[in-house]
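**Student:** fold the stuff below for me.
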Amino acid sequence: MIDWRDGVVVRLGPCAIEEVMDHVAPFLRPGERVVGTFKAFRDYLVITSRRFIAVNATGLSGRRKHVSIFPMSQIIAYGVTSPGGFDTDSELRITLRVVKTVRFRFRGDVDTTGLSHTIGTAMYS
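**Tutor:** Got it, this is the predicted structure:
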């Protein structure tokens, strides 16, 4: 579950963009490009050139979706933790103006440095 209020996110792994575009496409704006798509069980996170889109499947069937969107312009700080020897997960922490810090925990094969570059570019452009 991706819970913006509690700042908790389960371990996300990369997924194919086709898996999530049916639900995310209506939220995209002209010129906005998808930078990364990540999934944990039936919830997923899409990072675009302009914002974070988190989709939580709710209910027993998971057909009901709760979508949370935070623009990059609301990020006031961010940090990255790289994977280590025994701990192969990486982490991206963002602090938003409207809520406290949110952490995204990724599997070791996710390039959080690239995501960090995207955030920096969006914040300072």
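**Student:** hmm, which helix or strand of the chain has the shakiest average pLDDT?
**Tutor:** The helix or strand of the chain with the lowest confidence, counting by mean pLDDT, DSSP states H and E, is strand 2-3 at a mean of 56.
**Student:** tell me the pLDDT at G7?
**Tutor:** pLDDT, G7: 56.
**Student:** which parts of the chain are strands?
**Tutor:** Along the chain, the segments classed as strands by DSSP state E run 2-3, 8-9, 13-14, 34-40, 43-48, 51-58, 64-71, 75-81, 90-96, 101-106.
**Student:** quickly compare those strands and say which is most buried.
**Tutor:** strand 43-48 (a mean of 23; mean count of other C-beta atoms under 10 Å). In short, each C-beta sits where N, CA and C put it, glycine included.
**Student:** which intervals of the protein have sub-threshold pLDDT?
**Tutor:** Residues of the chain meeting the criterion pLDDT under 70: 1-10, 99-101, 123-125.
**Student:** which residue is nearest the centroid of the protein?
**Tutor:** L45 (4.1 Å; C-alpha atoms, centre = their mean).
**Student:** bridged to R105, which residues?
**Tutor:** Beta bridges link R105 to E91, judged by DSSP bridges.
**Student:** hang on, it packs against D89?
**Tutor:** Yes - with contacts counted by C-beta atoms under 8 Å, R105 reaches D89, the gap being 5.5 Å.
**Student:** quick check: neighbours shared by the two?
**Tutor:** R11 (C-beta atoms under 8 Å, 6 or more residues apart in numbering).
**Student:** so which bits of the longest helix along the chain are buried?
**Tutor:** Longest helix in the chain, counting residues (DSSP state H): helix 112-123. If you call a residue buried by 16 or more other C-beta atoms under 10 Å, then helix 112-123 has these buried ones: T112, L115, T118, I119, A122.
**Student:** format the residues you listed as a markdown table; extra columns: distance to I17.
**Tutor:** What follows is those, written out as a markdown table (distance: C-beta to C-beta, whole Å):
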| residue | distance to I17 |
| --- | --- |
| T112 | 18 |
| L115 | 15 |
| T118 | 15 |
| I119 | 19 |
| A122 | 19 |
